[in-house]
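**Q** The sequence isn't on hand, but the structure is:
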């Protein structure tokens, strides 16, 4: 039987199709919720690093350390660290949130550093208090640098979720363990293709989101030259 | 929890034989080094060629991103069904995943070389090969090594995941411990895997710093002083 026949048979079963849709939905949840939480966490840590420059060194070393921990090692110790059950999806969410935040802390700090001091001074002079200035002036200006980091984190999350299948919660990763146990190529290939497609679609959405969030970057070129002149 | 970990580490049975800590650490290290050498042999020449000639850069970055999104567990289980041998499947999977970071580092390193320096070398009558080996490669080395560091982190993590298809190494403690719900063993495995990653990263970071050519280091110190002054 050729692989295509096997694949046709696999996809022909309503049960399998249902499993694919379910695991895909779970995969989206397990990859994207930590992405959002990780961004928020990284911004909070970045704000801390700006407000308290002496903490910066420690923050960057810690972020580097977290990012160094191998995925499976982090996944298996999270339950005993935060007291959850082994099969709880929270474990994967917490682990990936940590990775996302660790990856984004440096870009957040770099991006905030790159905000021109004159802009911050103008906002202060206009009567912006620090919290509002941070959220409505500094953060939006940091988006372009931050966006690049978020795209890397999203691809990395989407590919890492499947490792969670080894601790019982893994979105599309369940198709890999399933295919391995039944010595069956179709679920594995379907899982790989869907993971790649999901990463691609989310990446395109992020590019779109970045364009929406930074309308000033789309200013037509002639206007820019006028300003320069 | 802490007690279980201490018990595990202090039990002499866990330090001897085929399943002992020294054997497992060396196995893990062996997979990582073998895959690193194979991946470097493939990725460094391609990165040098693309970076030196400037041809195929877009293709290189694009294909690197696709491989980055590839789920490690999916790749390893797929290769295992294909080759029905856990060592062969795991090593091929490790090599595939280690290539993009090395390729990206090599390419980025050559791209970052100041054009004026390359022009000066050309003006002094250096040929393409001389320019590449005597000018571009030494200046690019720190970034190339940065790519190698990323690859090693990826390899330590993936080798642990590959224990799922029967590979030895530290991943055995994680998965075998999970299978019999021995959390002391799981936590010990996680600690050892994370430690291995951190130690390798520190070693490579030290080599990376030592490899910066003296001229480049002096030039950097010079610009820093100027900025400060």
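**A** That came in fine, so what should we check first? Remember, predicted model here, so these are calculated numbers, not experimental data. Numbering: from 1, shown residues only, chains lettered A, B, ... in the order given.
**Q** what sits against residue 167?
**A** This is for chain A. When contacts are counted by CB atoms under 8 Å, 6 or more residues apart in numbering or on different chains, residue A:167 touches A:75-76, A:79, A:86-87, A:91-92, B:178. To be clear about C-beta, it is placed using only N, CA and C from the backbone, and glycine gets the same treatment.
**Q** Wait, chain B was what I had in mind.
**A** Residue B:167 is in contact with B:31, B:86-87, B:90, B:159, counting by CB under 8 Å, 6+ apart.
**Q** Now list the buried members of those residues.
**A** A residue is treated as buried here by neighbour count (16 or more other CB atoms under 10 Å in any protein chain shown); on that basis the buried members of the contacts of residue B:167 are B:31, B:86, B:90, B:159.
**Q** Could you list every helix and strand in contact with the helix ranked longest in chain A?
**A** When secondary structure is assigned using DSSP state H, the longest helix within chain A turns out to be helix A:14-51. In terms of contact count using 3 or more CB pairs under 8 Å, 6 or more residues apart in numbering or on different chains; DSSP states H and E, helix A:14-51 is assigned the packing partners helix A:56-68, helix A:90-113, helix A:139-160, helix A:173-181, helix A:185-213.
**Q** buried ones in it?
**A** Neighbour counts over helix A:14-51 (16+ other CB under 10 Å) mark A:16, A:19-20, A:23-24, A:26-28, A:30-35, A:37-39, A:41-43, A:45-47, A:49-50 as buried.
**Q** picking up where we left off before, so of the contacts of residue B:167, which ones are in strands?
**A** For the contacts of residue B:167, not one is inside strands, with DSSP state E as the criterion.
**Q** Quick check: of those residues, which lies closest to chain A?
**A** residue B:159 (8.4 Å; CB to the nearest CB).
**Q** Go through the helices and strands packed on helix A:14-51 and name the closest to residue B:209.
**A** Comparing the helices and strands packed on helix A:14-51 against residue B:209 with CB to CB, the closest turns out to be helix A:56-68 (14.8 Å).
**Q** Let me know the angle separating the helix or strand that comes right after the closest one from helix A:139-160.
**A** Towards the C-terminus, the helix or strand next in line after helix A:56-68, according to DSSP states H and E, is helix A:71-82. Taking axes from the mean of the first three to the mean of the last three CA atoms, to 10 degrees, one finds helix A:71-82 and helix A:139-160 inclined to each other by 110 degrees.
**Q** For helix A:71-82, the averaged confidence score.
**A** Helix A:71-82 shows a mean pLDDT of 88 in the predicted model.
**Q** same thing with stretch B:4-17?
**A** For stretch B:4-17, the mean per-residue pLDDT is 87.
**Q** sorry, back to before: and the two most separated of the contacts of residue A:167?
**A** A:92 and B:178 (14.5 Å).
**Q** More neighbours: the two, which one.
**A** residue A:92 (31 against 19; other CB atoms under 10 Å in any protein chain shown).
**Q** Just to check, that one is in contact with residue A:162?
**A** No: look at residue A:92 against residue A:162 with CB atoms under 8 Å: they stay out of range, at 10.0 Å.
**Q** any common contacting residues for those two?
**A** Listed contacts common to residue A:92 and residue A:162 are residue A:170; contacts here mean CB under 8 Å, 6+ apart.
**Q** so what secondary structure elements neighbour the lengthiest helix in chain B?
**A** Longest helix in chain B, counting residues (DSSP H): helix B:21-53. The elements that helix B:21-53 packs onto, with contact taken as 3+ CB pairs under 8 Å, 6+ apart, are helix B:57-69, helix B:86-111, helix B:137-161, helix B:171-179, helix B:183-211.
**Q** Kindly reformat those as CSV containing mean pLDDT and distance to residue A:188.
**A** What follows is the helices and strands packed on helix B:21-53, written out as CSV (pLDDT from 0 to 100; distance: least, CB to CB, whole Å):
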stretch, mean pLDDT, distance to residue A:188
helix B:57-69, 83, 16
helix B:86-111, 92, 12
helix B:137-161, 92, 14
helix B:171-179, 92, 18
helix B:183-211, 91, 25
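**Q** Output those as JSON lines; include the columns distance to chain A.
**A** Putting the helices and strands packed on helix B:21-53 into JSON lines (distance: least, CB to the nearest CB, whole Å) gives the following:
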{"stretch": "helix B:57-69", "distance to chain A": "4"}
{"stretch": "helix B:86-111", "distance to chain A": "10"}
{"stretch": "helix B:137-161", "distance to chain A": "4"}
{"stretch": "helix B:171-179", "distance to chain A": "5"}
{"stretch": "helix B:183-211", "distance to chain A": "4"}
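**Q** okay, the residue nearest to residue A:49 when sequence neighbours are not counted: pLDDT?
**A** Spatially, and ignoring its direct neighbours in sequence, residue A:49 is nearest to residue A:56 (4.7 Å; CB to CB, 6 or more residues apart in numbering or on different chains). For residue A:56, the pLDDT comes out at 90.
**Q** next one: residue A:220
**A** Per-residue confidence for residue A:220 comes out at a pLDDT of 58.
**Q** Same question for residue A:68.
**A** Looking at residue A:68 specifically, the model assigns a pLDDT of 89.
**Q** Surely it touches residue B:197?
**A** Yes: at 5.0 Å, residue A:68 counts as touching residue B:197 under the criterion of CB under 8 Å.
**Q** intersection of neighbour lists for these two?
**A** Contact with both residue A:68 and residue B:197 is made by residues residue B:153, according to CB under 8 Å, 6+ apart.
**Q** Look at those two and report which has more neighbours.
**A** Per other CB under 10 Å, whichever of residue A:68 and residue B:197 has more neighbours is residue B:197, with 26 against 22.
**Q** Now do that one against residue A:120, distance only.
**A** If you measure residue B:197 against residue A:120 using CB to CB, to the nearest Å, the figure is 39 Å.
**Q** for residue B:204, same thing?
**A** From residue B:204 over to residue A:120 (counting by CB to CB), the distance is 38 Å.
**Q** Check residue B:99 too.
**A** From residue B:99 to residue A:120 the distance is 43 Å (CB to CB).
**Q** And for residue A:154?
**A** Computed as CB to CB, the residue A:154 to residue A:120 distance reads 29 Å.
**Q** So which of these two has more stuff around it?
**A** Set side by side, residue A:154 and residue A:120 show unequal neighbour counts under other CB under 10 Å, the larger going to residue A:154 at 24 against 18.
**Q** separation between that one and residue A:197?
**A** 13 Å.
**Q** Next: residue A:47.
**A** Taking CB to CB as the measure, residue A:47 and residue A:197 are separated by 35 Å.
**Q** now residue A:158
**A** From residue A:158 over to residue A:197 (counting by CB to CB), the distance is 10 Å.
**Q** now do residue B:52
**A** Residue B:52 sits 34 Å away from residue A:197, going by CB to CB.
**Q** These two: who's more crowded?
**A** For residue B:52 versus residue A:197, the count of surrounding residues by other CB under 10 Å is larger for residue B:52: 19 against 13.
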